[in-house]
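Asks: Quick one: sequence plus predicted model below, questions after.
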Amino acid sequence: MQNDTQAITRHALLEKANVMIKAHDDYFTGMEATDVVQHGEVFVFRGPFFLDENEVPTAKTTAVFNVFKYLAVALSSQYHLE
C-alpha cells in the first residue's frame, strides 16, 4: 500500500493529526497525539490516557481511544512514514 500513499515525516503527521483531533466532535482540552508509529500499513497514535487516581480508564480514556482509531483509519490510507 505504501506505493498508493504519500510519504510524510512523523512531525508533519502529528501536526495533521492534532489539527484533526481539535476538529473532532469528541475533542476535549488536553487530548493530543504526542507520538505515532507505523505497524505495517497502520498508524498507531499515542498520547495521554486520562486514567483516574487508581489508574482505571475513564470516559476520557475511551474518547481518546476512539479519536486515535479515527486518525488511524483516516490517515493510514493516505500516508506512510518516511
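Replies: Looks like it came in fine. Numbering: from 1, shown residues only.
Asks: ok, now which ones touch residue 22?
Replies: Not one residue lies near residue 22 by C-beta atoms under 8 Å, 6 or more residues apart in numbering. For glycine as for every other residue, the C-beta is placed from the backbone atoms N, C-alpha and C.
Asks: State the distance from the residue of the chain most remote from its centre to residue 30.
Replies: Most distant from the centre of the chain: residue 54, at 24.8 Å, with distances by C-alpha atoms, centre = their mean. Look at residue 54 and residue 30: by C-beta to C-beta, to the nearest Å, they are 19 Å apart.
Asks: For stretch 36-51, what is the distance to the chain centroid?
Replies: With C-alpha atoms, centre = their mean, to the nearest Å as the basis, stretch 36-51 stands 6 Å off its chain's centre.
Asks: List the buried residues for that stretch?
Replies: Residues of stretch 36-51 classed as buried: 36, 43, 45, 47, 50 (neighbour count, 16 or more other C-beta atoms under 10 Å).
Asks: what do you get for stretch 65-81?
Replies: Neighbour-count burial for stretch 65-81, counted by 16+ other C-beta under 10 Å, picks out 67-68, 70-72, 75-76, 79-80.
Asks: same check, this time on stretch 8-22
Replies: 8, 13-14, 16-18, 20-21.
Asks: Which ones among those lie within strands?
Replies: Residues of the buried residues of stretch 8-22 located in strands (DSSP state E): residue 8.
Asks: can you list the buried residues of stretch 8-22 in TSV and add pLDDT and distance to residue 60?
Replies: Listed next are these as TSV, based on pLDDT from 0 to 100; distance: C-beta to C-beta, whole Å:
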residue	pLDDT	distance to residue 60
8	98	28
13	98	23
14	98	20
16	98	22
17	98	18
18	98	17
20	98	18
21	98	13
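Asks: I'd like the buried residues of stretch 8-22 written out as CSV, with distance to residue 59 added.
Replies: What follows is the buried residues of stretch 8-22, written out as CSV (distance: C-beta to C-beta, whole Å):
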residue, distance to residue 59
8, 31
13, 27
14, 24
16, 26
17, 21
18, 21
20, 21
21, 17
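Asks: mind listing the strands for this protein?
Replies: Using DSSP E, strands in the chain cover 6-8, 35-39, 42-46, 79-81.
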